[in-house]
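1. one predicted model, sequence on top.
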Amino acid sequence: MSKNLKEWDLQLPHAKLAYNQAPTYATSHFPYEAYYRVNPLTPINIFPFSIENRVSFKAYEIAKEMKKVHEQIRIQIEKVNASY
């Protein structure tokens, strides 16, 4: 962080990216992943890949995977809440 407190707004995108790429204790998943079912892009993800390495998913398959992750998150949250 900058020592100049007036520049906090310049650090906000970095903090947001760090938060979204860290798994939470209650869910064991990344916040961004829980919402979008993918992790946010980072500079390493922007490099172009050959067309053979790209994967195309159908909307139904993605929705099914999202439901699976949401169910895992729900179970994890219930476990954490039950321990309190």
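-> Good, I have the coordinates. Numbers count the residues shown, from 1 in each chain.

2. going by C-alpha atoms from here, please, whenever you check contacts or count neighbours.
-> Will do.

3. and residue 73, how many neighbours?
-> Around residue 73 there are 17 other residues, counting by other CA atoms under 10 Å.

4. got a list of what it touches?
-> By CA atoms under 8 Å, 6 or more residues apart in numbering, residue 73 lies in contact with 27-29, 34.

5. out of these, which comes closest to residue 61?
-> Nearest to residue 61, judged by CA to CA, of the contacts of residue 73 is residue 34 at 16.0 Å.

6. and the pLDDT for that closest one?
-> Model confidence at residue 34, expressed as pLDDT, equals 84.

7. for it, what are its contacts?
-> Taking CA under 8 Å, 6+ apart as the criterion, residue 34 is in contact with 66, 69-70, 73.

8. so how far is residue 70 from it?
-> Distance, residue 34 to residue 70, using CA to CA, to the nearest Å: 7 Å.
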